[in-house]
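J.: Show me the folded form of this:
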Amino acid sequence: MSELRYVALGDSFTEGVGDDQADGRVRGWADLVAEGLAEAEGGPIRYANLAIRGRLLGPIIDEQLEPALALGPTLVTFNGGGNDILRPRADLPALIARTEKVFRRVHESGAQLIVLSGANPTRGLPLREAIQAKGDQLNAIVRDLAADLGVPFADNWSDEELIGAQYWSTDRLHLNATGHHRVAARVLDAMGYAAPQRWVVTAPAPERAPGFRDNAAYYRQHVMPWIKRRLTGRSSGDGRVAKYAEWVEIGPRG
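T.: Residues are numbered from 1 along each chain as shown. Take a look at the predicted model:
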């Protein structure tokens, strides 16, 4: 059996923000996919994750794509554009053109590409209608492009269950642990693998909707800092490096 070498590209979604661990690190769907692949293969695989939170699509491609391919992967997952559609002037045709170049570049390398869309956070966000419209359009075009080029596509944006508040962290922008498990299961399915049975991929809906105090705290703790970063040209990923810039070995759990 040939060695499986998996590298993940993206932003906070792929880095794993929201799936916080007791030691202060984040895990996320890509780490879980690596674990699921090791279990399906029956032995360790090599894994790298170059994703960094806050990255727009352009920097994801410019900073991560060629270093990822230089590692010699057999499998690449790619997601990007989520941070772009949060900006009012997102250039969707440019995003699509750059995404298509990723498809073709990975194909040239000989690696298998899996493309996935981010989950849809708009139910809990300000300006939800504008973000939803851009996200719907981007998702549909990438889905069609993947179909045309024969690239497996894990469509998380269209997962109606995943829209529920029970899958999101307190910032309402990043998935929690259960949400990340659900995405990981969808990615494995796109590759023809079953998720480990122990994974929890559904959760009950919250008993009540957020009240005035909940929303006030949310705006104070999450929305205002985000706006401040936009106004000052800063990013949540400033000064951060990739979680796994080189290969690490991931073995079957247990």
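J.: can you pull out the strands in the stretch 1-150 of the chain?
T.: 5-9, 45-49, 75-78, 112-116 (DSSP state E, counting those that start in this stretch).
J.: Take these and lay them out in TSV including mean neighbour count and mean pLDDT.
T.: Quick note: C-beta positions are derived from backbone N, CA and C, even for glycine. Formatted as TSV, the strands of the stretch 1-150 of the chain follow (neighbours: other Cβ atoms under 10 Å; pLDDT from 0 to 100):
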stretch	mean neighbour count	mean pLDDT
strand 5-9	27	98
strand 45-49	24	98
strand 75-78	24	98
strand 112-116	23	98
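J.: Would you tell me which of those strands gets closest to Ala203?
T.: Closest of those to Ala203 is strand 112-116, at 20.3 Å (criterion: Cβ to Cβ).
J.: that older thread, with distance to Ala217 as new columns, can the strands of the stretch 1-150 of the chain be given to me in a markdown table?
T.: Output for the strands of the stretch 1-150 of the chain, formatted as a markdown table (distance: least, Cβ to Cβ, whole Å):
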| stretch | distance to Ala217 |
| --- | --- |
| strand 5-9 | 32 |
| strand 45-49 | 31 |
| strand 75-78 | 34 |
| strand 112-116 | 31 |
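J.: Of all those strands, which one is nearest Ile163?
T.: Using Cβ to Cβ, the strands of the stretch 1-150 of the chain put strand 112-116 closest to Ile163, at 16.2 Å.
J.: Pairing partners for that closest one, with directions?
T.: strand 75-78 (parallel), strand 153-154 (parallel) (DSSP bridges).
J.: Helix or strand next in line after the last one, which one?
T.: Secondary structure here is assigned by DSSP states H and E; on that basis, the next helix or strand after strand 153-154 toward the C-terminus is helix 177-190.
J.: for that next one, which positions count as buried?
T.: Neighbour-count burial for helix 177-190, counted by 16 or more other Cβ atoms under 10 Å, picks out 177-188, 190.
J.: Between the strands of the stretch 1-150 of the chain, which one is closest to Thr202.
T.: strand 112-116 (18.9 Å).
J.: which other residues reach that closest one?
T.: 74-79, 99, 102-103, 106-107, 142, 146, 151-156, 183, 186-187, 190-191 (Cβ atoms under 8 Å, 6 or more residues apart in numbering).
J.: ok and it relative to strand 5-9, angle-wise?
T.: 30 degrees (axes from the mean of the first three to the mean of the last three Cα atoms, to 10 degrees).
J.: ok and strand 112-116 relative to helix 177-190, angle-wise?
T.: Put simply, strand 112-116 runs at 140 degrees to helix 177-190, going by the same axes, to 10 degrees.
J.: I'd like to know which helix or strand in the protein has the lowest mean pLDDT.
T.: helix 224-232 (a mean of 73; mean pLDDT, DSSP states H and E).
J.: what's in contact with it?
T.: Contacts of helix 224-232 (Cβ under 8 Å, 6+ apart): Arg234, Ser235, Ser236.
J.: ok, now stretch 130-145?
T.: 81, 85-86, 88, 90, 92, 95-96, 99-100, 103, 115, 117, 120, 122, 125, 151, 153, 155, 157-158.
J.: Buried ones among those?
T.: Buried among these (16+ other Cβ under 10 Å): 81, 85-86, 90, 95-96, 99-100, 103, 115, 117, 120, 122, 125, 151, 153, 155, 157.
J.: Now do the helices in the stretch 1-150 of the chain.
T.: Residue ranges of the helices in the stretch 1-150 of the chain, as given by DSSP state H, counting those that start in this stretch, are 12-15, 29-41, 57-60, 66-70, 92-109, 128-149.
J.: Can you say which of those is packed in most?
T.: helix 12-15 (a mean of 28; mean count of other Cβ atoms under 10 Å).
J.: which stretches of the stretch 101-250 of the chain have low pLDDT?
T.: 230, 237 (pLDDT under 70).
J.: 50 - rerun?
T.: Scanning the stretch 101-250 of the chain for pLDDT under 50 picks out no residues.
J.: what about Arg27, distance to Lys243?
T.: Distance, Arg27 to Lys243, using Cβ to Cβ, to the nearest Å: 10 Å.
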